[in-house]
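A.B. asks: just need the structure, nothing else, for what follows:
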Amino acid sequence: MELKSFVTEVYQSIDQADAVKFASYLTPTGSFRFANHPPVTGNQAVEAFVDGFFKSLKGIRHSDLEYWATEEVLFVNGTVTYTRHNDTTLALPFSCTWKMKELLIDQYLIFIDSSELYQS
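C.D. replies: As a prediction, the model looks like this:
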């Protein structure tokens, strides 16, 4: 799969709140860390974590995506806009580091200050 398509598909799965599809982009033993939360490991744990996160919001939209890649690491920057259940929004810059293994994400690290997310 071409790199741009891979990045686009991963973020589409997030923006569509599809936890199953999102987890499929990680290796079976892959880990996922959102901001200052402890990492979760394994597809089922990642799927459960992101599903809970998706349900805590009304919507998510990623934009302004830029990415850079080495042989084993992919870096993605952009803006994420969260829509809360009360219809207020919060747009934040983010940066992700994806450590790749066999064309899947083995370590997904999100760097973002989400401290205002659940304040309205």
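
A.B. asks: where does the prediction get shaky in the protein?
C.D. replies: Counting by pLDDT under 70, the chain contains low-confidence ranges at 1, 120.

A.B. asks: tell me the strands beside the longest strand seen in it, with direction?
C.D. replies: The longest strand of the chain (DSSP state E) is strand 89-101. If you go by DSSP bridges, strand 89-101 pairs up with strand 73-83 (antiparallel), strand 104-111 (antiparallel).

A.B. asks: can I get the CA coordinates of the first one in CSV?
C.D. replies: Only the C-alpha atoms of strand 73-83 are listed here, as CSV (Å, rounded to 0.1, in the frame of the first residue of the first chain):
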residue,chain,number,x,y,z
VAL,A,73,9.3,5.2,11.6
LEU,A,74,6.5,7.5,10.4
PHE,A,75,5.8,10.9,11.8
VAL,A,76,2.4,12.6,11.3
ASN,A,77,1.4,16.2,12.3
GLY,A,78,-1.9,17.9,11.9
THR,A,79,-4.9,19.4,13.5
VAL,A,80,-7.6,17.4,15.2
THR,A,81,-11.0,18.9,15.9
TYR,A,82,-13.1,17.2,18.6
THR,A,83,-16.8,17.7,18.8
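
A.B. asks: contacts for that strand?
C.D. replies: Residues from elsewhere that reach strand 73-83 (C-beta atoms under 8 Å, 6 or more residues apart in numbering): 3, 7, 57-69, 89-100, 105, 112, 117. C-beta coordinates here come from the backbone N, C-alpha and C atoms, glycine included.

A.B. asks: buried ones from those, can you make that a PyMOL selection?
C.D. replies: To isolate the buried ones among those in PyMOL, judged by 16 or more other C-beta atoms under 10 Å, type:
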select buried, resi 7+60+62+65+67+90+94+96+98+100+105+117
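
A.B. asks: out of the strands paired with strand 89-101, which is closest to Phe34?
C.D. replies: Nearest of those to Phe34, taken as C-beta to C-beta: strand 104-111 at 4.9 Å.

A.B. asks: so how far is that closest one off the chain centroid?
C.D. replies: With C-alpha atoms, centre = their mean, to the nearest Å as the basis, strand 104-111 stands 8 Å off its chain's centre.

A.B. asks: kind regards, and thank you for your time.
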